[in-house]
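Peer 1: how would this look folded up:
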Amino acid sequence: MFEITDQALSLEPLISVVKRSSSGAVATFLGVVREQTRGRRVRYLEYEAYREMAIPKMREIADEIHRKWEVDQIAMVHRVGRLEIGEASVAIAVSAPHRHAALAACGYAINRLKEIVPIWKKEVWTDGEEWVGPRM
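Peer 2: Residues are numbered from 1 along each chain as shown. A predicted model of the protein is given here:
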């Protein structure tokens, strides 16, 4: 499951997709809009994505993970549109026979997603705004 959506995110559907009878662990990550960043008060965030490239990049990350760790399945979903404080922007789930691989792969997935997936975030503060994107 690799998706870009404008719908609210929940971890349960991702967990259901990745969990296998061989899975001894399912590690998850849920990125949530916080009220402050770099010392500035956030009003809201707005996300945009180049969908046609984002999904293949997510699959590329999954391929990297499968080469590095023994994992069962990987799911990544990123939300686009306007998100308020407390709303989830990204959800990741990784299943594996052992917790160490699941946890390491989940951490790797979010870091790589931020590096190479073409998703841009506009941070809107009480005193300005700025677009932030991947470090491709």
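Peer 1: host element of residue 43?
Peer 2: Under the criterion of DSSP states H and E, residue 43 resides in strand 40-49.
Peer 1: can you list the strands that that strand pairs with?
Peer 2: strand 36-37 (antiparallel), strand 81-83 (antiparallel), strand 119-125 (antiparallel) (DSSP bridges).
Peer 1: let me know the angle separating the helix or strand following that strand from strand 40-49.
Peer 2: Tracing the chain C-terminally past strand 40-49 and defining elements by DSSP H and E, one meets helix 51-68 next. If you take axes from the mean of the first three to the mean of the last three Cα atoms, to 10 degrees, helix 51-68 sits at 100 degrees to strand 40-49.
Peer 1: which other helices and strands does whatever helix or strand comes next after helix 51-68 contact?
Peer 2: Using DSSP H and E, the helix or strand that follows helix 51-68 in sequence is strand 73-79. Under the contact criterion of 3 or more Cβ pairs under 8 Å, 6 or more residues apart in numbering; DSSP states H and E, the helices and strands touching strand 73-79 comprise strand 2-5, helix 11-18, strand 40-49, helix 51-68, strand 88-96, helix 99-116. Every C-beta, even on glycine, is put in place using the N, C-alpha and C of the backbone.
Peer 1: just name the most buried of these.
Peer 2: Of all those, strand 88-96 has the most neighbours on average by mean count of other Cβ atoms under 10 Å, namely a mean of 24.
Peer 1: buried stuff in stretch 64-83?
Peer 2: 65, 69, 71-80, 83 (16 or more other Cβ atoms under 10 Å).
Peer 1: closest one of the residues you listed to residue 1?
Peer 2: The shortest approach to residue 1 among those belongs to residue 75, at 3.9 Å (Cβ to Cβ).
Peer 1: about what we covered before: rank the strands paired with strand 40-49 by pLDDT, which is bottom?
Peer 2: Ranked by mean pLDDT, those end with strand 36-37 in last place, scoring a mean of 90.
Peer 1: only C-alpha atoms, please: export the strand holding residue 43 in CSV.
Peer 2: Written as CSV, here are the backbone C-alpha positions of strand 40-49 (Å, rounded to 0.1, in the frame of the first residue of the first chain):
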residue,chain,number,x,y,z
ARG,A,40,7.5,29.8,15.4
ARG,A,41,3.8,29.2,16.2
VAL,A,42,2.2,27.1,13.4
ARG,A,43,-1.4,28.0,12.3
TYR,A,44,-1.7,25.0,9.8
LEU,A,45,0.3,23.1,7.2
GLU,A,46,-0.5,22.6,3.5
TYR,A,47,0.9,19.6,1.6
GLU,A,48,1.2,19.1,-2.2
ALA,A,49,2.7,16.1,-4.0
